[in-house]
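J.: sequence unknown, structure follows:
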């Protein structure tokens with residue numbers, strides 16, 4: 001990759017690389033990759049999604065390397081999993097997910113979809129669409145090289161981003177500095193992954209030291225501490241459950257929206273099991289519930305009894321005022337600060353695949 005890419009800014013790197021390869025801002029590949037790489041911006045709310053980007057990269061690399069006929073499916077998937085943060089990627093992007101997203105976002109179909117099915121050595125294979133590479137009037141090799149340069153730069157930027165978070169956590173020296181770092185996750189344009197991780201760390205410390213009495217019979221009841229577990233990464237296919245509180249078995253979901261459809265769908269995913277929500281809004285929990293209910297009724301999609309059924313499944317709602325209250329109420333002693341720093345570092349490493 002061009003060494004000059006190290007100097008690019010997150011908000012401009014796709015356009016800059018496109019210009020070097022002779023592609024205009026309206027080119028299909030430029031428009032698509034602009035959308036897919038928003039998470040490179042330091043304060044972007046966009047969630048990082050690498051599966052489709054990596055699928056596009058490996059088929060473009062084949063073209064650049066003179067393998068226009070493509071590679072075996074298994075070889076492409078293996079190369080995707082060798083890339084940073086790619087160890088847990090599945091086969092869906094190469095199968096249909098990249099093409100489905102490109103069709104939906106770019107409004108094209110057929111030979112202009114990026115991944116084309118083919119056969120190599122008698123086995124299932126994939127190649128990049130030559131029609132797509134030639135679509136915007138530059139040599140196909142330039143278009144393929146543009147893809148490779150953009151994705152490699154994107155990976156560099158998000159790697160730098162996650163490293164910066166770990167560096168910030170390591171440098172926190174006391175409760176005040178930790179509080180400032182955690183409060184930064186509540187800003188409107190803060191990273192979605194940062195918000196989920198900070199929410200988890202705050203609530204885990206909040207429940208620490210609390211306990212419940214459980215047992216199969218009155219004679220076997222024992223005291224057990226409450227412990228909060230994070231169940232998956234921010235974009236993981238985990239059925240919509242972000243945290244689990246044991247031994248109560250309470251589910252938590254983290255979100256940034258008050259869209260009633262999102263909540264009702266989450267309830268259906270877990271067979272209408274009650275869920276607690278952590279919501280990145282400035283409204284109070286009561287106000288958030290009222291907004292969700294009134295919007296659902298106004299939509300006309302549900303009867304009032306149906307809406308009330310779903311509203312009864314909201315177990316607890318934590319909004320930004322609640323998280324700030326929890327933050328202000330933490331002990332702030334050295335032990336608490338140390339635990340939270342360790343947990344922040346661990347969750348960042350898990351989130352970015354550094355422990356894979």
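T.: Structure's in. What do you need? Just so we're clear, the structure is a prediction, and the values are computed from it rather than from any experiment. Numbers count the residues shown, from 1 in each chain.
J.: Give me the below-cutoff pLDDT ranges for the stretch 251-356 of the chain.
T.: 353-356 (pLDDT under 70).
J.: what does stretch 278-292 contact?
T.: Contact partners of stretch 278-292, identified using Cβ atoms under 8 Å, 6 or more residues apart in numbering, comprise 186, 195, 199, 203, 242, 252-258, 260, 263, 311, 314, 316-323. Placement of C-beta: from N, CA and C, glycine included.
J.: Give me the subset of the residues you listed that lies in helices.
T.: Using DSSP state H, the members of those that fall within helices are 195, 199, 203, 260, 263, 311, 320-323.
J.: What's the first helix or strand after the helix or strand of the chain with the lowest mean pLDDT?
T.: Ranked by mean pLDDT, DSSP states H and E, the helix or strand of the chain with the weakest confidence is helix 140-171, at a mean of 88. Proceeding N to C from helix 140-171, the next assigned helix or strand is helix 175-184, under DSSP states H and E.
J.: Going through the contacts of stretch 278-292, which ones are buried?
T.: 186, 195, 199, 203, 242, 252-256, 258, 260, 263, 311, 314, 317-320, 322-323 (16 or more other Cβ atoms under 10 Å).
J.: The helix or strand where residue 81 lies: which residues count as buried?
T.: According to DSSP H and E, residue 81 maps onto helix 73-82. Judged by neighbour count (16+ other Cβ under 10 Å), helix 73-82 contains these buried residues: 73, 75-77, 79-80.
J.: Output those as a markdown table; include the columns distance to residue 296 and pLDDT.
T.: Putting these into a markdown table (distance: Cβ to Cβ, whole Å; pLDDT from 0 to 100) gives the following:
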| residue | distance to residue 296 | pLDDT |
| --- | --- | --- |
| 73 | 43 | 96 |
| 75 | 48 | 96 |
| 76 | 44 | 97 |
| 77 | 41 | 96 |
| 79 | 45 | 96 |
| 80 | 40 | 95 |
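J.: Which one of the residues you listed is nearest to residue 342?
T.: Closest approach to residue 342 among the buried residues of helix 73-82 (Cβ to Cβ): residue 80, at 31.5 Å.
J.: tell me the contacts of that closest one?
T.: Residue 80 neighbours (Cβ under 8 Å, 6+ apart): 51, 54-55, 57-58, 86, 89, 93-94.
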